[in-house]
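S.K.: Next comes the sequence, and after it the predicted model I'd like to discuss.
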Amino acid sequence: MDTSYPREDYLPAPAHKRESPPTPSASPSPRDHLIWSIFNTIYMNFCCLGFVALAFSVKARDRRAAGDVEAARRLGSRARCCNALATAGSVLLPLLLAALLVTGVLHLSKLAHDSVGFFTSQLGAGEDEDE
């Protein structure tokens, strides 16, 4: 290990070379929604939209690293749209199926109850005629 000279990060900067604090940029850095895409890909992959969102997220991150902010913003927007659709589909589809199952069971139970009443009245009327 070479310790003949001190590292730059331990040296205090001269007063004339001190950097000014960074100014906030006019537009924030585009988001790539990578974590949301990974979550949708692994846990709630509705119609492969999670995987599509992951591809757009990775492309947006690459474009941002390359300095193409507009393309990164456009690809990030597509990733957000795919993620929103995947999440909505993965949450709403099971709720819709559960609602259809409940209404189907209720309808079948009402139909069975009405059928029992119909056959009871028909069989009861047929026994009265025989006597």
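M.R.: On my side now, so go ahead.
S.K.: pLDDT wise, what is residue 1 at?
M.R.: Residue 1 is assigned 50 on the pLDDT scale.
S.K.: for residue 32, that is, sorry about that
M.R.: Predicted confidence (pLDDT) for residue 32: 91.
S.K.: Could you double-check that it sits in contact with residue 61?
M.R.: Yes - counting by Cβ atoms under 8 Å, residue 32 touches residue 61, with 4.5 Å between them. In this view, the C-beta of every residue, glycine as well, is placed from N, C-alpha and C.
S.K.: neighbour count winner among those two?
M.R.: Just comparing residue 32 and residue 61: by other Cβ atoms under 10 Å the higher neighbour count belongs to residue 32, 24 against 19.
S.K.: on that earlier part again, got any residues that touch both of residue 32 and residue 61?
M.R.: Common contacts of residue 32 and residue 61, defined by Cβ atoms under 8 Å, 6 or more residues apart in numbering, comprise residue 72.
S.K.: what are the ranges of the strands in this protein?
M.R.: Taking DSSP state E, the chain contains no strands at all.
S.K.: contacting residues for the residue nearest the centre of it?
M.R.: The centroid of the chain falls nearest to residue 87 when counting by Cα atoms, centre = their mean (3.1 Å). Residues near residue 87 by Cβ under 8 Å, 6+ apart: 36, 40, 44.
S.K.: average pLDDT across the longest helix belonging to the chain?
M.R.: As assigned by DSSP state H, the longest helix anywhere in the chain is helix 69-130. Mean per-residue pLDDT for helix 69-130: 87.
S.K.: how far does it sit from the chain's center?
M.R.: 23 Å (Cα atoms, centre = their mean, to the nearest Å).
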